[in-house]
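Asks: This is a predicted model, with the sequence first.
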Amino acid sequence: MNPAASIESRRFVSASEVVTEETPFTLNAWMSRPDVVPCRDLLMVRATMPPGSCHPFHHHPTREEIIYVVSGQAEQWCGNERRILKPGEMVLIPKGEVHGTYNPFREPVVFLAILSPAHAAPPDVVDVSAESPWAVLRESLGLTPCFVRIVPGSAS
């Protein structure tokens, strides 16, 4: 069967059909993106973030995002507001809002990130973690630094 034709008609995604990728921040299992299903408005990824790691402060200029915690806990920032999200809790991040997801805990955090629209003008992500006030915000509160993993072949 033609792979493009199968994607155009796909409505259900099995575990063998997800597209996985390792980033410096998370192990991602993409369940909704144009190379998995014929999505027009929604992207969805199940992300697993190891203990001590993070996706430091950044924003999406052309997409809004929902982060929903499935298991573990996340120290979630939206602007300069910080909350600990537990399973069943979520945050809505408006377009352009600086945010960061940190895992200072001893267990992995698994979360769903749902972004819209699926097709958006670049840039996809703008890293502001080295800019003021984001570069020192967590440390100024006495919070532990996180690590960003080196992933061979990653551009992040």
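Replies: In hand now; what should we look at?

Asks: CA only for contacts and neighbour counts going forward, please
Replies: OK.

Asks: And the pLDDT for the nearest residue to G79 once chain neighbours are set aside?
Replies: Using CA to CA, 6 or more residues apart in numbering and skipping the chain neighbours, the partner closest in space to G79 is V98 (5.1 Å). The predicted structure scores V98 at 98 on the pLDDT scale.

Asks: Could you tell me whether S16 really is in a strand?
Replies: No - according to DSSP: H, G, I helix; E, B strand; the rest coil, S16 belongs to no strand; its state is helix.

Asks: gap between it and M31?
Replies: 10 Å (CA to CA, to the nearest Å).

Asks: higher neighbour count, those two?
Replies: Higher neighbour count among S16 and M31: M31, with 22 against 7, using other CA atoms under 10 Å.

Asks: Just say helix, strand or coil for the more buried one.
Replies: M31 ends up strand, using three-state DSSP.

Asks: Kindly report the same for the one 5 residues further on.
Replies: For V36, the reduced secondary structure class is coil; criterion used: three-state DSSP.

Asks: per-residue pLDDT, it?
Replies: 96.
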